[in-house]
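Participant: everything below, folded, please.
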Amino acid sequence: MISAQSAYQALYFAFQRQQWRQLRNAVPLTLTEADLEKLKGINERLSLSEVTDIYLPMSRLLNLIVQSKQQRSQVLGEFLEHTSPKTPYIISIAGSVAVGKSTTARILQALLQHWPEHPKVELVTTDGFLYPLKDLKKKGLMQRKGFPESYDMKMLIDFISDVKSGKSKVKAPLYSHISYDRLADTFLEVDQPDILILEGLNVLQTGLDTETPDLRPFVSDFVDFSIYVDADYDLLKKWYVDRFLQFRSGAFANKNSYFNHYASLNDAAATDIAENIWESINGPNLLNNILPTRERAHLILRKGQDHLMNQVLLRK
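Facilitator: Residues are numbered from 1 along each chain as shown. Model prediction:
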């Protein structure tokens, strides 16, 4: 029987933080402390050293890969003697609730758009493709929100297929964490970017994750490079609970918030509710749907205490 450690050794180059930071190769830092404050999420301790040690080498790697793809497209066009529509390089970022996917996506977007080869980098989250609340209630999926079946997969696949084929002005629905719902008639227009970053819980899923053979396309079929942000289960649960407690004086305090009724809870009551939500929804979704897709990622970012990356795994 092959151990998990042996499987990692077979599939990935493993870098400790100090080893990975050396691969930056003098790439300049283009972000300031003020920039980081705008990019980081709730309850995250993000410093410039995290960017220089982890994100700059990753930015350099992705720039080299995207350059190679752009050169290949140019050669193919010359061979076929016609100009193909501009198609983006698609990067997906997966991982658990509360692991910091959104922050990783925003930092990566900020760094990649400073490379001269691909200044147009768009970021889309799959939250906008969740079914509207009224549909989730009708389908009996309110307690399964975030699970694969709670997403309008046809809409998501149509969107990413149109972007990948080079169509212009493709609309992506937006999501409000205040109303806890997809925004009606509000969209992000994605217009032939050089790179599209797609961030979401289940973007690494394939037909292998279904109980019966499924030949329909999945998001992963359109992705060029995939990243999984990882951390131990107990840390993820703690980060989720801590974030929930902080939201009481943040998003929950907004009178229009779907969760406004949680704003006045004391620490003990809020902790009980957050732990129950984790154990009944987020934890099972992680264990059954998200974590099993981790080893498909081209790059795994392992976090330790305080949201700091301590290991990077790069697929061979």
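
Participant: quick one: Arg243 and Gln70, what's the gap?
Facilitator: 38 Å (C-beta to C-beta, to the nearest Å). C-betas here are computed from N, CA, C, even on glycine.

Participant: more neighbours: which of those two?
Facilitator: Arg243 (18 against 15; other C-beta atoms under 10 Å).

Participant: list the buried residues of the host helix or strand of Asp135.
Facilitator: Per DSSP states H and E, Asp135 falls inside helix 133-138. The neighbour-count check on helix 133-138 (16 or more other C-beta atoms under 10 Å) flags Leu133, Leu136 as buried.

Participant: give me the mean pLDDT for it.
Facilitator: The pLDDT scores in helix 133-138 average 97.

Participant: following it, which helix or strand comes up?
Facilitator: helix 153-164.

Participant: just the CA atoms of that next one, as PDB, please.
Facilitator: Backbone C-alpha positions of helix 153-164 (Å, rounded to 0.1, in the frame of the first residue of the first chain) are rendered in PDB as follows:
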ATOM      1  CA  MET A 153     -23.000  24.300 -13.400                       C
ATOM      2  CA  LYS A 154     -24.400  24.900 -16.800                       C
ATOM      3  CA  MET A 155     -24.000  28.700 -16.400                       C
ATOM      4  CA  LEU A 156     -20.500  28.200 -15.000                       C
ATOM      5  CA  ILE A 157     -19.400  25.900 -17.900                       C
ATOM      6  CA  ASP A 158     -21.000  28.200 -20.500                       C
ATOM      7  CA  PHE A 159     -19.100  31.100 -19.000                       C
ATOM      8  CA  ILE A 160     -15.700  29.500 -18.900                       C
ATOM      9  CA  SER A 161     -16.200  27.900 -22.300                       C
ATOM     10  CA  ASP A 162     -17.000  31.200 -23.900                       C
ATOM     11  CA  VAL A 163     -14.000  32.900 -22.200                       C
ATOM     12  CA  LYS A 164     -11.700  30.000 -23.200                       C
END
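
Participant: would you mind confirming that Ala251 is in contact with Phe259?
Facilitator: Yes - shown here, Ala251 and Phe259 form a contact pair, counting by C-beta atoms under 8 Å, at 7.3 Å.

Participant: quick one: low-confidence ranges for the stretch 101-250 of the chain?
Facilitator: 207-215 (pLDDT under 70).

Participant: show me where it has strands.
Facilitator: Using DSSP state E, counting those that start in this stretch, the strands of the stretch 101-250 of the chain run over 121-125, 170-176, 181-190, 195-199, 225-230.

Participant: list the neighbouring strands of the second one plus their orientation.
Facilitator: Each strand that pairs with strand 170-176, with its direction, by DSSP bridges: strand 181-190 (antiparallel).

Participant: neighbours around Glu295, how many?
Facilitator: For Glu295, using other C-beta under 10 Å, the count is 16.

Participant: is it correct that Leu48 is in contact with Leu31?
Facilitator: Yes - under the contact definition of C-beta under 8 Å, Leu48 touches Leu31, with a separation of 7.3 Å.

Participant: what is the helix holding Asp135 packed up against?
Facilitator: Judged by 3 or more C-beta pairs under 8 Å, 6 or more residues apart in numbering; DSSP states H and E, helix 133-138 is in contact with no other helix or strand.

Participant: got CSV for the strands of the stretch 101-250 of the chain, with mean neighbour count too?
Facilitator: Below are these laid out as CSV (neighbours: other C-beta atoms under 10 Å):
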stretch, mean neighbour count
strand 121-125, 22
strand 170-176, 19
strand 181-190, 14
strand 195-199, 25
strand 225-230, 24
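
Participant: let me have those strands in a markdown table, extended by distance to Asp135.
Facilitator: As requested, the strands of the stretch 101-250 of the chain are exported to a markdown table (distance: least, C-beta to C-beta, whole Å):
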| stretch | distance to Asp135 |
| --- | --- |
| strand 121-125 | 19 |
| strand 170-176 | 13 |
| strand 181-190 | 9 |
| strand 195-199 | 22 |
| strand 225-230 | 28 |
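
Participant: between Leu48 and Leu31, which has more neighbouring residues?
Facilitator: Leu31 (18 against 13).

Participant: quick one: pLDDT of the more buried one?
Facilitator: Leu31 is given a pLDDT of 76.

Participant: ok, it to Ala105 distance?
Facilitator: Taking C-beta to C-beta, one finds Leu31 at 14 Å from Ala105.

Participant: and the longest helix anywhere in the chain, what does it pack against?
Facilitator: The helix that spans the most residues within the chain, counting by DSSP state H, is helix 56-80. Packing partners of helix 56-80 (3+ C-beta pairs under 8 Å, 6+ apart): strand 89-95, helix 101-112, strand 309-315.
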